[in-house]
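# fold the stuff below for me.
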Amino acid sequence: MELILWRHAEAAPGEPDLARPLTERGRRQAGRMAGFLAPRLPKELRVIVSPARRAQETVRALGRSFEIEESLAPGAAAVDVLRAAGWPSARRPVLVVGHQPTLGEVAAQLVGGVGPGWDLGIGEACWLKARSRKGPGEAAVLLAIKPEILVVVGICSHLGCSPTDKFATGAQPSLPDDWHGGFLCPCHGSTFDLAGRVFKNKPAPDNLEVPPYTFLSDNKLLIGEAKKA
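So this is what the prediction gives:
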């Protein structure tokens, strides 16, 4: 079984807690993570989400149907997440969108068995796969993903040109008035969003390629392998 843990993106402060929406930055975080996950997630995927508004707004960026699971609300225990996901015997991979410290406690329990919960940052995700053994080390880490860092091959899928960064928002030459930041291929005008996804009706046939990679630590990135070293 594969289990993907996705912490909700940045939310605005306020009360009641369950009604807090994503900030503009949070929506961008959710979009970048969704852009990375979407082509990698299997079709036969179950998506379960906290009843909190911020979690539901996060997962909507993925464009998939989902189930609201009351047991994933803020303050849930790790065992609640595992029970809701059907770990480790569910027949389909499960994506859980929820909260800290719960998701970090789930990851720590499955991978290490003991110790403090993992520090899963805002908008980050962790992709786990069940092993045959039980207890400590019953899951392996396939991917650890941070929404603030985009890893793509800087080559346009049209003719192999190199897109340039256009992170400033708003109207600019060769860009629409409602531009939200991204990349522009100057040769034939293909545009890509901040997740590397190509816009419709552009010469580029595909998104920017994402190579295999994983985070070994907060400041060390390994490109070429999609699992923890």
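
# use CA for all of it now, contacts and neighbours both
Will do.

# got the CA coordinates for the longest helix seen in the chain in PDB?
For the chain, the helix with the greatest residue count under DSSP state H is helix 24-37. C-alpha atoms of helix 24-37 as PDB (Å, rounded to 0.1, in the frame of the first residue of the first chain):
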ATOM      1  CA  GLU A  24      -3.000  33.900  -1.800                       C
ATOM      2  CA  ARG A  25       0.400  32.400  -1.000                       C
ATOM      3  CA  GLY A  26      -1.300  29.200   0.200                       C
ATOM      4  CA  ARG A  27      -3.200  28.900  -3.100                       C
ATOM      5  CA  ARG A  28       0.000  29.200  -5.000                       C
ATOM      6  CA  GLN A  29       1.600  26.500  -2.700                       C
ATOM      7  CA  ALA A  30      -1.300  24.200  -3.300                       C
ATOM      8  CA  GLY A  31      -1.100  24.700  -7.000                       C
ATOM      9  CA  ARG A  32       2.600  23.900  -7.200                       C
ATOM     10  CA  MET A  33       2.200  20.800  -5.200                       C
ATOM     11  CA  ALA A  34      -0.900  19.700  -7.200                       C
ATOM     12  CA  GLY A  35       1.100  20.300 -10.400                       C
ATOM     13  CA  PHE A  36       3.800  18.000  -9.100                       C
ATOM     14  CA  LEU A  37       1.500  15.300  -7.800                       C
END
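
# and the contacts of that helix?
By C-alpha atoms under 8 Å, 6 or more residues apart in numbering, the residues outside helix 24-37 that reach it are 8-11, 57-59, 61-62, 123-124, 146-148, 150, 194-197, 210.

# ChimeraX command to pick out the buried ones of these?
Selecting only the buried entries of the contacts of helix 24-37 in ChimeraX, with 16 or more other C-alpha atoms under 10 Å as the criterion:
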select :8,9,10,11,57,58,59,61,62,123,124,146,147,194,195,196,197
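
# which intervals of this structure have sub-threshold pLDDT?
For the chain, the stretches with pLDDT under 70 are 113-115, 133-137, 144, 147-148, 212-215, 217-219, 225-229.

# how about 50 then?
228-229 (pLDDT under 50).

# so Ser50 is in contact with Gln100, correct?
No: using C-alpha atoms under 8 Å, Ser50 is not in contact with Gln100, being 11.6 Å away.

# so if I had to pick from these two, which one is more boxed in?
When Ser50 and Gln100 are compared for neighbours, Ser50 comes out ahead with 24 against 20, by other C-alpha atoms under 10 Å.

# from Thr102, how far out is that one?
Distance of Ser50 to Thr102, given as C-alpha to C-alpha, to the nearest Å: 11 Å.

# give me the common contacts of these two.
Contact with both Ser50 and Thr102 is made by residues Pro74, according to C-alpha under 8 Å, 6+ apart.

# related to what we said a few turns ago, who touches both of Ser50 and Gln100?
Counting by C-alpha under 8 Å, 6+ apart, the residues touching both Ser50 and Gln100 are Pro74.

# show me the helices in the protein, by range?
Secondary structure of the chain, counting by DSSP H: helices at 24-37, 53-60, 78-85, 102-111.

# tabulate those (CSV), appending distance to Ala140.
As requested, the helices of the chain are exported to CSV (distance: least, C-alpha to C-alpha, whole Å):
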stretch, distance to Ala140
helix 24-37, 18
helix 53-60, 24
helix 78-85, 15
helix 102-111, 6
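
# and of the ones you listed, who's closest to Pro176?
Between Pro176 and the helices of the chain, the tightest spacing by C-alpha to C-alpha is seen for helix 24-37, at 17.9 Å.
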